[in-house]
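Colleague: Please find the sequence and the predicted model below.
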Amino acid sequence: MDLPCILRFVYKCLSLYTEGHTHLSTIAHRLRYPLILFLQAFPSLIISVVGLVLAGAFLDEFQSWEAFHNIPELFILVPILLNLKGNLEMNLAARFSTSANLGELDHGPTKRSLIIGNLALLQVQALASGAIAGFASFALGLITKPGGNASTFHESMFMTASAMVSASVSGGLLGIMMVILILVCRRIKVNPDNIACPLASSAGDIVTLLLLAGCALVLQKNMENILSTLVFLIMSATIPFFGYITWRNRHIQDLLFAGWTPLLVAMVISSLAGVVLEKYVEEYKGVALLTPVLIGLAGNLGAIYASRISTSLHAENKENYKVVELTLLLMNVPVQVIFLVIIWAFGMGQLNYNFWFFLAYFLVSMLCTYLSLKVGKHMTLLFWRMGYDPDNYVIPYLTAGIDVVGTAMLVLAFSVLTSSGADDMMSDSASRAAASAS
């Protein structure tokens, strides 16, 4: 073999190696983006699911408490308060994540101003939301038990004071936790948009529930005196104080009177989900267990996407929509598998776990998540084009809409399965218990 042939052979080998190495490098570069998103967001989603399950377990335990037994309106208060508080904390997480990614937290004075302003604003919103939730739940309670009784005024003060204290304290704790989390993310170069919203939602539910139960336990023992009224007046008096701090903060003052409409509209929309759930919870036993995780996870994935898009719009960057959408949609699968394994292993929900159940639940879950991602994307872009900051408007509407749609879809799936004879959704033990009760 002559030298030119050897050289041509070596050249072809080197060319093939170079092309292969370049091709592999291109694949690795394309996979790096969704892999980073998965590694950063997946742990927070798992924690959020655990938080949702724990919140449900706590609420189930509180049903036997004297305060909840004597004042059933507390069960009306819980979903209203959690919805309002959850949206406040997720809005804070989205706003602060955007500030972190824009580098606004890298400058000392600006960072301090943003932290103080956001925490003061959160207190104003939490106290006002607590008052709204307390009065709304009391009014709904009067509708269900017309006529009232001698303790109507004291009961209204009890409901409102409990809601305001739990909302304010949990808002302070969660606000500080979110600030620290996002600052740490910025320090270690992790995108807080992938982490903050799910953690704010799940941690907020647990902390608010525990504080509400504690406040109710203390104030219910002093129902007939003025303690609840004094607490209400003291908490109300702090609103102007925190409002003044917010108004003096040039970074946050515009938000003092903005963003209230989506919070209140979201509260009304979410109450529709509660109506659907209350109507079918006895007929389909598994709905009460599955619904919070189904709508909570879909809402969290949509919130992550909306927060990322909002940050990219503020930074004038282009988000890779297709890759992020597909990654977040597929991320729903392992999280739901872990959840189903947990409830199956511990025998929770009185459900008959078989092929039809898993198929129906996964179809509803994937469709609900897909809708959350698409609606979150287009709603964020729409509010931006209209001149509104998506960080303050999108998440309340998105999560409230998913609450209603997800609950209705799950009930519809249960109804189709049971009516078609494809499956009896209740487990054998639950079926026997229902038969014996009838």
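Modeller: That came through, no problem.
Colleague: Okay, now the unreliable bits of the stretch 101-250 of the chain?
Modeller: Low-confidence segments of the stretch 101-250 of the chain (pLDDT under 70): 144-151.
Colleague: Mind jotting down where the helices sit in it?
Modeller: When secondary structure is read from DSSP state H, counting those that start in this stretch, the stretch 101-250 of the chain shows helices at 108-144, 152-187, 196-220, 227-248.
Colleague: Just the angle for the shortest one relative to helix 152-187, thanks.
Modeller: Here helix 227-248 runs at an angle of 40 degrees relative to helix 152-187 (axes from the mean of the first three to the mean of the last three CA atoms, to 10 degrees).
Colleague: if we can go back for a sec, save the helices of the stretch 101-250 of the chain as CSV, and put in distance to Ser365 too.
Modeller: Quick note: C-beta positions are derived from backbone N, CA and C, even for glycine. Listed next are these as CSV, based on distance: least, CB to CB, whole Å:
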stretch, distance to Ser365
helix 108-144, 29
helix 152-187, 27
helix 196-220, 16
helix 227-248, 39
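Colleague: Of all those helices, which one is nearest Gly56?
Modeller: helix 196-220 (9.3 Å; CB to CB).
Colleague: coming back round to it: figure out which of the helices of the stretch 101-250 of the chain is closest to Phe38.
Modeller: It's helix 196-220; of the helices of the stretch 101-250 of the chain, that one is closest to Phe38 (CB to CB) at 13.6 Å.
Colleague: any chance of the helices of the stretch 101-250 of the chain in a markdown table, plus mean neighbour count?
Modeller: Output for the helices of the stretch 101-250 of the chain, formatted as a markdown table (neighbours: other CB atoms under 10 Å):
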| stretch | mean neighbour count |
| --- | --- |
| helix 108-144 | 20 |
| helix 152-187 | 22 |
| helix 196-220 | 23 |
| helix 227-248 | 17 |
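Colleague: quick one: low-confidence parts of the stretch 251-400 of the chain?
Modeller: Low-confidence segments of the stretch 251-400 of the chain, defined by pLDDT under 70: 273-283, 285-286, 348-353.
Colleague: Would you map the helices across it?
Modeller: Using DSSP H, counting those that start in this stretch, the helices of the stretch 251-400 of the chain run over 260-280, 287-315, 321-345, 355-385, 390-420.
Colleague: what helices or strands is the second one leaning on?
Modeller: When contacts are defined as 3 or more CB pairs under 8 Å, 6 or more residues apart in numbering; DSSP states H and E, helix 287-315 sits against helix 3-62, helix 73-101, helix 196-220, helix 260-280, helix 321-345, helix 355-385, helix 390-420.
Colleague: Spatially central residue in the chain, please.
Modeller: Nearest to the geometric centre of the chain sits Ser201, at 3.9 Å (CA atoms, centre = their mean).
Colleague: show me the contacts for that one.
Modeller: Shown in contact with Ser201 (CB atoms under 8 Å, 6 or more residues apart in numbering): Ser48, Gly51, Gly86, Glu89, Met90, Gly296, Gly299, Asn300, Ala303.
Colleague: mind redoing it with 10 Å?
Modeller: With contacts defined as CB atoms under 10 Å, 6 or more residues apart in numbering, Ser201 is in contact with 44, 48, 51-52, 82, 85-87, 89-90, 93, 174, 296, 299-300, 303, 395, 399.
Colleague: still on that earlier bit, do you know which of the helices of the stretch 101-250 of the chain lies nearest Met366?
Modeller: helix 196-220 (18.2 Å).
Colleague: tilt between the closest one and helix 108-144?
Modeller: 50 degrees.
Colleague: Asp60: neighbour count?
Modeller: 11 (other CB atoms under 10 Å).
Colleague: actually Met223, not the one I wrote
Modeller: Met223: 16 neighbours (other CB under 10 Å).
Colleague: Return the most buried member of the helices and strands packed on helix 287-315.
Modeller: helix 73-101 (a mean of 26; mean count of other CB atoms under 10 Å).
Colleague: Give me the angle between that one and helix 287-315.
Modeller: Taking the same axes, to 10 degrees, helix 73-101 and helix 287-315 form an angle of 30 degrees between their directions.
Colleague: Show me what helix 73-101 is packed against.
Modeller: helix 3-62, helix 66-70, helix 108-144, helix 152-187, helix 196-220, helix 260-280, helix 287-315, helix 390-420 (3 or more CB pairs under 10 Å, 6 or more residues apart in numbering; DSSP states H and E).
Colleague: Can you say which of these is nearest to Phe346?
Modeller: Closest to Phe346 of these is helix 3-62 (CB to CB; 9.8 Å).
Colleague: Roughly how far does Ala100 sit from His251?
Modeller: 14 Å (CB to CB, to the nearest Å).
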